[in-house]
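**Student:** prediction below, plus the sequence it came from.
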Amino acid sequence: MRRAAAAFLAAAVLAGATGCGTSAGEKEFAPSENSVYISKEGTVSSAFVESYDKDYYTADSLKAYLEETIAGQYPDVAVTVKECSVENGVMKAVFDYGTPEDLMTFLADQKSEGLELESFQVETVADGLAAGTVADGVFVNASDGKPADFKELARTEGQLVEVKGQAAVQTEGKILYVSDGVEVTDSGAVVSGGPAYIIFK
């Protein structure tokens with residue numbers, strides 16, 4: 001039986017995990033809480049953040065532990081450990097996924113505070129328009145909350161994120177438009193309920 005993935009980091013603490021690298025992007029994913037991240041290309045990542053009260057853990061052994069656990073429990077899911085860190089009493093691990101479906105499969109048996117997704121999809125704004133997901137009257141400007149100019153929105157060459165559930169969401173590009181159910185924050189957005197929509201470029 002799969003171990004609840006939300007317990008990965010807690011289990012690593014108990015296992016005595018002891019030193020992983022970081023990478024940069026236009027707007028680097030620097031999570032301070034359980035969250036998801038979408039790149040400009042539409043690829044997805046997630047982060048788990050766990051406090052610990054010991055001082056002998058390192059990122060390398062944490063990464064090895066997570067990779068071994070994923071290989072044993074999620075062999076059919078396209079998920080990799082991108083980076084991890086252990087410092088100042090906080091363990092962080094970032095996972096990359098092949099598709100949004102892989103993200104949902106990986107998260108399905110996790111119980112992570114603030115990260116409880118029922119559905120999650122990413123597509124281009126053009127695809128959203130063709131499918132009717134992007135429609136007039138649905139979005140407001142992320143900057144001021146005023147109704148979006150639909151003609152201008154329709155010309156956006158960006159990504160459309162559909163979220164149902166609860167999640168902190170970060171994007172590589174700037175969030176331009178949001179629907180009901182999305183609160184814009186300094187680091188990205190918070191979704192509660194939904195389905196809710198975010199457009200970024």
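**Tutor:** That came through fine.
**Student:** contacts and neighbour counts: CA atoms only from here.
**Tutor:** Will do.
**Student:** centroid-nearest residue for this structure?
**Tutor:** In the chain, the residue lying closest to the centroid (CA atoms, centre = their mean) is residue 36, at 0.9 Å.
**Student:** which SS class is residue 101?
**Tutor:** helix (DSSP: H, G, I helix; E, B strand; the rest coil).
**Student:** what's around it, how many residues?
**Tutor:** By other CA atoms under 10 Å, 17 other residues sit near residue 101.
**Student:** per-residue confidence for it?
**Tutor:** At residue 101 the predicted local confidence, pLDDT, stands at 95.
**Student:** next: residue 28.
**Tutor:** Model confidence at residue 28 (pLDDT) stands at 77.
**Student:** and residue 54, by the same measure?
**Tutor:** Residue 54 carries a pLDDT value of 65.
**Student:** separation between the residue lying farthest from the centre of the chain and residue 193?
**Tutor:** Going by CA atoms, centre = their mean, the residue of the chain most distant from its centre is residue 151, 29.0 Å out. Separation of residue 151 from residue 193 (CA to CA, to the nearest Å): 27 Å.
**Student:** re the thing from before, the stretch of helix or strand the residue farthest from the centre of the chain belongs to packs against which elements?
**Tutor:** Per DSSP states H and E: residue 151 is located in helix 150-154. When contacts are defined as 3 or more CA pairs under 8 Å, 6 or more residues apart in numbering; DSSP states H and E, helix 150-154 sits against helix 125-131.
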